[in-house]
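Asks: quick one, structure for this:
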Amino acid sequence: MTDANFKIAVSGDLGSGKSTVCKLLLEKLPGFRIFSMGEAWRKLAEDRGMTILELNQYSETHPLDEEMDEAMAKMGKAEEQIIFDSRLGWHFVPHSFKVHLTVDPRAAASRIFNDRRRGDAEEYASVDEAMQKILERHQSEKQRYLQKYGIDCTNPANYHLIIDTTHQTPEAVAESIIGRFRSWAEQQ
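Replies: As a prediction, the model looks like this:
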């Protein structure tokens, strides 16, 4: 399995733990590197003095998505092992092992509200505000993806594995992914 250039695409709901789980996968899977679309998008928002929601709305009429997606698709063809922390990784890296993480919206809002690593692009005054903004952002992203690509990130048919992270530790989620990934990789 180490000679192959496997890709793992981890998609999921806002606040489902994608980034945390991807970092754990990186620790547990030697030879992989990680690409985080969320980190790249947050940096782009901060550089432009926008919130994530504002950047999402801006990108509905500007080609930011296309630029980022082309870069991800190119990485998907690279001769290396990569973990993609991206809602659209499954689409732009079609030969990857595709995972989707779900979470209860209230739990997601609480996680995001309490995650100070997200920076100024995602600051909220309360869990309720975080939940409202998460729902708005989800709608904005869903609209963009349907309009630009004709795809629905929430369709279970797009994935090899779907995990509800609401009541699971990131470590347990990572172990589940690794187990299923190894089984999948043996069949490739």
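
Asks: any weak-confidence spans in the chain?
Replies: Along the chain, segments meeting pLDDT under 70 span 1-3, 116-122.

Asks: in it, where's the longest helix?
Replies: Criterion DSSP state H: the longest helix present in the chain is helix 127-149.

Asks: I'd like the distance between Leu64 and Glu70.
Replies: 11 Å (C-beta to C-beta, to the nearest Å). (Glycine included, C-beta is placed from N, CA and C.)

Asks: who has more neighbours, these two?
Replies: Neighbour totals were compared for Leu64 and Glu70, and Leu64 leads with 16 against 12 (other C-beta atoms under 10 Å).

Asks: wait, the more buried one sits on Leu55?
Replies: Yes. The criterion here is C-beta atoms under 8 Å, and Leu64 meets it with Leu55 at 7.4 Å.

Asks: which residues touch the spatially most central residue of the chain?
Replies: Centroid check for the chain by C-alpha atoms, centre = their mean gives Ser86 as the closest residue, at 3.1 Å. Listed by C-beta atoms under 8 Å, 6 or more residues apart in numbering, the contact set of Ser86 reads Ala9, Val10, Ser11, Phe35, Ser36, Met37, Gly38, Met72, Phe92.

Asks: what's the third one sitting at in phi/psi?
Replies: I take that to be Ser11. Here is the backbone geometry of Ser11 (degrees, to the nearest 10): phi -110, psi 170.
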